[in-house]
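Chemist: Predicted model follows, preceded by the sequence.
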Amino acid sequence: MVEPALIWPDGRRAAVSLTFDDARGSQIDVGMPIFDRWGTKASFYVSIHNMQKRVDDWKRILADGHEIANHTASHPCSGNFRFSRHNALEDYTIERMERGSASGVPGPLGRMKRAASM
């Protein structure tokens, strides 16, 4: 069976997904007025600590139709950031990604391998 071609609404040919991390205040103060002006929605992956500083603002953003999801506090980041040099993505090996965390949570490659073998 042939899959039907994707048909974009209103004759459009593409889409953009706008995502933001960490629940920074600038996302509320600077970003939201821009999104509102253009009628654009975004996804926010919030860090609980930052989100709690402005809970009412984040509730309003959610009620306005934006997506809010949890952002982990322990994922690897670029070693270019001083705060993440102890967990720099550039230092990861395939073995480390398969092994996962010290807490026993399998890494992304380990989960994919496990799912593929089922």
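Modeler: Arrived safely, thanks for sending. Numbers count the residues shown, from 1 in each chain.
Chemist: Just the element for the residue nearest to the spatial centre of the chain, please.
Modeler: When CA atoms, centre = their mean is applied to the chain, the residue found nearest the centroid is residue 45 (4.9 Å). Using DSSP states H and E, residue 45 maps to strand 43-46.
Chemist: Could you measure from the residue lying closest to residue 75 once chain neighbours are set aside over to residue 77?
Modeler: Nearest in space to residue 75, with sequence neighbours left out and distances taken as CB to CB, 6 or more residues apart in numbering, is residue 87 at 8.0 Å. Bear in mind the C-beta positions are built from the backbone N, C-alpha and C, glycine included. From residue 87 over to residue 77 the distance is 7 Å, taken as CB to CB, to the nearest Å.
Chemist: next one: residue 51
Modeler: 19 Å.
Chemist: Which one's more surrounded, these two?
Modeler: Neighbour count, other CB atoms under 10 Å: between residue 51 and residue 77, residue 51 has more, with 18 against 14.
Chemist: Now do the helices in the chain.
Modeler: With DSSP state H as the criterion, the chain has helices at 25-26, 32-38, 48-52, 55-63, 94-99, 108-116.
Chemist: I'd like these written out as TSV, with distance to residue 8 and mean pLDDT added.
Modeler: Converted to TSV, those look like this (distance: least, CB to CB, whole Å; pLDDT from 0 to 100):
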stretch	distance to residue 8	mean pLDDT
helix 25-26	31	94
helix 32-38	18	95
helix 48-52	33	89
helix 55-63	26	95
helix 94-99	35	76
helix 108-116	30	50
